[in-house]
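J.: When you get a sec, could you give me coordinates for this:
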Amino acid sequence: AADAGDWTGYGPAELARHIQAAHHVYLTAELPELVSLADKVAGVHGDRHPELAEVTRLVRALHDELLPHLAKEDRVLFPAIAALEAGPASFGFGTVANPIAVMTAEHEAAGELLGRLAAATSGYETPADGCASYALLYRRLAHLEADTHLHVLKENSVLFPAACALEAERQAAPAS
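T.: The predicted model follows:
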């Protein structure tokens with residue numbers, strides 16, 4: 001996904017919207033297509049490149065890990081962050097640190113899958129006998145990895161600490 005603009009000055013709710021537009025929309029569209037493309041490439045080249053079975057398994061695992069993760073952020077965490085920005089808020093899950101801890105653990109799991117995918121593809125290096133679809137798969141997987149690392153950086157290093165700080169600020173403020 002194109003990283004539009006300088007997101008570093010965004011408030012928490014605006015950053016959450018940016019992440020949805022720049023990363024969640026991309027992943028929601030890209031992951032099912034990558035599963036299909038990995039299946040296609042493995043079907044054609046799997047006999048000569050047995051590592052493609054692992055690549056396909058890892059792409060499916062990323063799909064199955066990330067799509068529910070995005071839905072939880074979109075339906076639970078990001079609306080909670082927007083509510084906090086609007087004023088004091090309370091949630092059935094307690095503090096925003098609770099879903100943030102779950103999201104952070106899921107980010108680590110996705111990062112492990114991406115690392116295994118990079119290793120299984122020899123750093124997304126298309127073999128000499130790879131066709132255009134093979135090369136396309138590896139280019140798209142490399143882009144997915146780079147985009148996901150930026151996405152997770154925005155959440156773990158900027159959005160999540162800002163949301164926790166905002167919640168602490170809201171809780172410390174006297175009721176008016």
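J.: switch to C-alpha atoms for all contacts and neighbour counts from now on
T.: OK.
J.: Spell out, range by range, the strands that occur in this protein.
T.: For the chain, no strands are identified by DSSP state E.
J.: can you give me the helices in it?
T.: Along the chain, counting by DSSP state H, helices occupy 12-19, 25-45, 51-72, 78-86, 97-120, 132-153, 160-172.
J.: Which one of these lies nearest to residue 126?
T.: helix 132-153 (5.5 Å; Cα to Cα).
J.: mean confidence for the closest one?
T.: Averaging pLDDT along helix 132-153 gives 97.
J.: Contacts for it, please.
T.: Surrounding helix 132-153, the residues in contact under the criterion Cα atoms under 8 Å, 6 or more residues apart in numbering are 1, 19, 23, 27, 34, 37-38, 41, 107, 111, 114, 118, 121, 123-126.
J.: Write a ChimeraX command that selects only the buried members of those.
T.: To isolate the buried ones among these in ChimeraX, judged by 16 or more other Cα atoms under 10 Å, type:
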select :1,19,23,27,34,37,38,41,107,111,114,118,121,124,126
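J.: Turn the helices of the chain into a markdown table, including distance to residue 6.
T.: Below are the helices of the chain laid out as a markdown table (distance: least, Cα to Cα, whole Å):
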| stretch | distance to residue 6 |
| --- | --- |
| helix 12-19 | 10 |
| helix 25-45 | 18 |
| helix 51-72 | 22 |
| helix 78-86 | 20 |
| helix 97-120 | 23 |
| helix 132-153 | 13 |
| helix 160-172 | 17 |
